[in-house]
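K.L.:
A predicted structure for the sequence below; I have some questions about it.
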Amino acid sequence: MADVLPLVEARLHNALGEPDARAAVTFLGTDRIEVLRFSASGQEGGVVRYATLGMSAQPMADPAAVLADPVKGPRAELLLSVRAGAADTDKVLRPLAVLAASPQVEGVIVAPGASLDVGEPLWPGAPFTSVLVAEPGGLVEDLELDAPLDPVRFLPLLPMTPNEAAWKRVHGAPALQERWLNHGTDLRDPSRRSVPLD
């Protein structure tokens, strides 16, 4: 069976260009996770994108299943887009790798609408400790694999303040996304404030 990760990396390169930095993180008992950085431009205010590479090597297993299927099951990588220059967002590499390793470590399935929390700021001084998993398909198209393998989905991550995360738990992801939209929230602003929630 073909190794999935070279195909995933090629898809990322085709969609985002060549990465200008990469870092690898290995957690005990997990496969290596890399995080690639793609800078759209070197100037202030340009968008920098971070993509995980390694999460899709294994399918995510249903935590209720007695045995994990080594072939079938959803596969994904994570994408984060932020404006460059306003914060030290390169420190997000380790938190992103932690999130990408969570299916292997915690046996969770990462899917659109889910909240993921790292328990600490995503980067120094960040007002966010968690992210909302958004719908795939906008920035990087799904990567179809040979049957019986599921396609690899590239899931955008939207940083949430603690107040937004708590509000989302009560009202749901669509309601939070609608609130962001109605208030014209710049979700790529690394130092934005919480959207009004009353």
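P.N.:
The structure has been received and is ready for your questions.
K.L.:
the protein: helices as residue ranges?
P.N.:
4-16, 93-106, 162-171, 173-182 (DSSP state H).
K.L.:
which one of these is the most hemmed in?
P.N.:
helix 93-106 (a mean of 21; mean count of other C-beta atoms under 10 Å). Any C-beta I mention is one placed from the backbone N, CA and C, and that applies to glycine too.
K.L.:
who does it touch, helix- and strand-wise?
P.N.:
strand 21-25, strand 33-39, strand 47-53, strand 75-83 (3 or more C-beta pairs under 8 Å, 6 or more residues apart in numbering; DSSP states H and E).
K.L.:
now the spatially most central residue of the chain. Nearest residue, chain neighbours left out?
P.N.:
For the chain, the residue nearest the mean C-alpha position is residue 78 (2.9 Å; C-alpha atoms, centre = their mean). Leaving aside its sequence neighbours, residue 78 sits nearest to residue 52 (C-beta to C-beta, 6 or more residues apart in numbering; 4.5 Å).
K.L.:
show me the contacts for residue 51.
P.N.:
Counting by C-beta atoms under 8 Å, 6 or more residues apart in numbering, residue 51 makes contact with 12, 16, 19, 35, 36, 38, 77, 78, 79, 80, 140, 154.
K.L.:
beta partners of it?
P.N.:
Here residue 51 sits in beta bridges with residue 36, residue 79, going by DSSP bridges.
K.L.:
distance of it from residue 39?
P.N.:
12 Å (C-beta to C-beta, to the nearest Å).
K.L.:
ditto for residue 86
P.N.:
According to C-beta to C-beta, residue 86 and residue 39 sit 14 Å apart.
K.L.:
for the two, indicate the residue with more neighbours.
P.N.:
A direct count of neighbours by other C-beta atoms under 10 Å for residue 86 and residue 39 places residue 39 higher, at 17 against 14.
K.L.:
isn't that one up against residue 48?
P.N.:
Yes: using C-beta atoms under 8 Å, residue 39 is in contact with residue 48, at 5.0 Å.
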